[in-house]
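Novice: 3D, please:
(chains A and B)
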Protein chains: 2
Amino acid sequence: MTETDTMTDTKTRIAKVYINLKEGTLDPQGETIQKALRTMGYSKALSVRCGKVYEIEMEDDSPESKKQLEEICQRALANPVIEKFEIKW
Amino acid sequence: MTETDTMTDTKTRIAKVYINLKEGTLDPQGETIQKALRTMGYSKALSVRCGKVYEIEMEDDSPESKKQLEEICQRALANPVIEKFEIKW
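Specialist: Numbering: from 1, shown residues only, chains lettered A, B, ... in the order given. Now for the predicted structure:
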């Protein structure tokens, strides 16, 4: 089976990467949303923090793929100074 | 001791809202990231789709709170034309 077959077949794996601000990091975007919600009358939303999700289709779930995805998160998707990430396969 | 007590001293609840593009909606941001990853040498990432997560601290998990959060998602956080959302309490 060629690499192309693997790509088009259902052998690929979707990994989800969740990126959130670390505890203690200020989140002005979240604060703005919370204020807007309050203005709209949603009194029960006390605070909001924003994060990102990436659904990444990986060629497979081999150790090499897992290593690549870990590096992708550290080097490209997350800012390790203020953000933490979590990968779910 | 109830589950509520163990979370914090208050009775608030953190709900997570996941917002993703619907199937079939183009995601130019995700495509750009995928191309960048390929340029960086990460050949195993075949496609990327971007989404958002909101961690929303709600006053409680009463039916009224759940109704408010559902409305918040529909009216403020997601664009129902191109996005779908999922709430996890």
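
Novice: just checking, what packs against the longest strand anywhere in chain A?
Specialist: Of all segments of type strand in chain A, defined using DSSP state E, the longest is strand A:45-58. With contacts taken as 3 or more C-beta pairs under 8 Å, 6 or more residues apart in numbering or on different chains; DSSP states H and E, strand A:45-58 sits against strand A:13-21, helix A:28-39, helix A:63-72, strand B:13-21, strand B:45-58, helix B:63-72. (C-beta placed from N, C-alpha, C; glycine too.)

Novice: what does the last one contact?
Specialist: Helix B:63-72 has contacts (C-beta atoms under 8 Å, 6 or more residues apart in numbering or on different chains) with A:37, A:42-45, B:13, B:15, B:17, B:56, B:58-59, B:87, B:89.

Novice: how does it look with 10 Å?
Specialist: Taking contacts as C-beta atoms under 10 Å, 6 or more residues apart in numbering or on different chains, the residues outside helix B:63-72 that touch it are A:33, A:36-37, A:40-45, A:48, B:12-13, B:15, B:17, B:54, B:56, B:58-62, B:77-78, B:85, B:87, B:89.

Novice: report the angle between the axes of whichever helix or strand comes after it and strand B:45-58?
Specialist: In the C-terminal direction, the helix or strand that comes right after helix B:63-72 (DSSP states H and E) is strand B:83-88. Comparing the axes of strand B:83-88 and strand B:45-58 via axes from the mean of the first three to the mean of the last three C-alpha atoms, to 10 degrees yields an angle of 50 degrees.

Novice: Dump the helices and strands packed on strand A:45-58 into CSV; add distance to B:D27, mean pLDDT and mean neighbour count as well.
Specialist: Listed next are these as CSV, based on distance: least, C-beta to C-beta, whole Å; pLDDT from 0 to 100; neighbours: other C-beta atoms under 10 Å in any protein chain shown:
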stretch, distance to B:D27, mean pLDDT, mean neighbour count
strand A:13-21, 14, 97, 18
helix A:28-39, 20, 97, 15
helix A:63-72, 17, 97, 17
strand B:13-21, 5, 97, 19
strand B:45-58, 5, 97, 20
helix B:63-72, 24, 97, 17
